[in-house]
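Undergrad: need the 3D shape of this:
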Amino acid sequence: MAVALEFRAEAKPDHGLIFVHDSDAYLPDGAAVRRSNLTIVAGTGTQLYLCSKQGTSPAEIVLRVWDGPVAGASLGECDAFCPAVLDCPTGTVVIRAFSPEIAGDIELPRPGVYAALVSWRGREAAAEQEASLLRSLAEPEGQADSDNVFAAHAEVLESYRIDLWWQYESDTEVD
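TA: Got it, this is the predicted structure:
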């Protein structure tokens, strides 16, 4: 089993969310957002919501497409992982930070339903960095020099990896 395709981007989680979806599935789903707050990863089929613990620094997003199933042991270093499904009838996946900002898009090897393992690391460190940022901004010196305070707290500490492998054709017809 080998990686057929890899995509890397950084996205600043807006309201703590990173949104990964088929290019035609861009309408937010409130129930999935609420589930992601409890489970870190929640999906609707054509959408995945990743719940970050911060919203001020970029998180690294790595999307890898494999030529076969991936086991948890092959994920590499991570704090935890969660299985998911991503139905991508257009064959194009969009990664965004829930605001209009698009971190990138990737053309999959073929449209269809992909099994996924979503793994993460650095969530606690990113949350601590954001808390430190907010404390610094609350101080008079931080209010006077907010640009430098933000710059001092901009390290990318949080990382999400989405490992996908094709399962079968989508039921959805794309025109």
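Undergrad: quick one: low-confidence ranges for this structure?
TA: Judged by pLDDT under 70, the chain has its weakly predicted residues at 72-75, 98-100, 172-175.
Undergrad: now the strands for it?
TA: Using DSSP state E, the strands of the chain run over 3-11, 17-22, 41-43, 47-51, 59-66, 80-88, 92-96, 102-107, 112-121, 159-168.
Undergrad: ok, the fifth one: who's next to it in the sheet?
TA: This points to strand 59-66. strand 3-11 (antiparallel), strand 159-168 (parallel) (DSSP bridges).
Undergrad: got the buried residues for it?
TA: For strand 59-66, the neighbour count (16 or more other CB atoms under 10 Å) marks Ala59, Glu60, Ile61, Leu63, Arg64, Val65, Trp66 as buried. For every residue, glycine as well, the C-beta is placed using N, CA and C.
Undergrad: just the last one next, same as before
TA: Taking 16+ other CB under 10 Å as the neighbour-count basis, strand 159-168 is seen to contain the buried residues Ser159, Tyr160, Arg161, Ile162, Asp163, Leu164, Trp165, Trp166.
Undergrad: do the first one as well
TA: By neighbour count, and taking 16+ other CB under 10 Å as the criterion, the buried residues in strand 3-11 are Phe7, Ala9, Ala11.
Undergrad: angle of that strand against strand 47-51?
TA: Relative orientation of strand 3-11 and strand 47-51, computed by axes from the mean of the first three to the mean of the last three CA atoms, to 10 degrees: 50 degrees.
Undergrad: what angle do strand 3-11 and strand 102-107 make?
TA: Following the same axes, to 10 degrees, one obtains 170 degrees for the angle between strand 3-11 and strand 102-107.
Undergrad: quick one: residues in contact with strand 3-11.
TA: Strand 3-11 has contacts (CB atoms under 8 Å, 6 or more residues apart in numbering) with 18, 58-67, 95-97, 101, 103-104, 106, 108-109, 156.
Undergrad: how far is it from where the chain is centred?
TA: 11 Å (CA atoms, centre = their mean, to the nearest Å).
Undergrad: dump the C-alpha coordinates for it into CSV.
TA: Provided in CSV are the C-alpha atoms of strand 3-11 (Å, rounded to 0.1, in the frame of the first residue of the first chain):
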residue,chain,number,x,y,z
VAL,A,3,0.4,7.0,-0.9
ALA,A,4,-1.0,7.9,-4.4
LEU,A,5,-1.6,11.6,-3.7
GLU,A,6,-0.7,14.1,-0.9
PHE,A,7,-1.9,17.6,-0.3
ARG,A,8,-0.8,20.0,2.5
ALA,A,9,-2.2,23.3,3.5
GLU,A,10,-2.5,25.5,6.6
ALA,A,11,-5.9,26.9,7.6
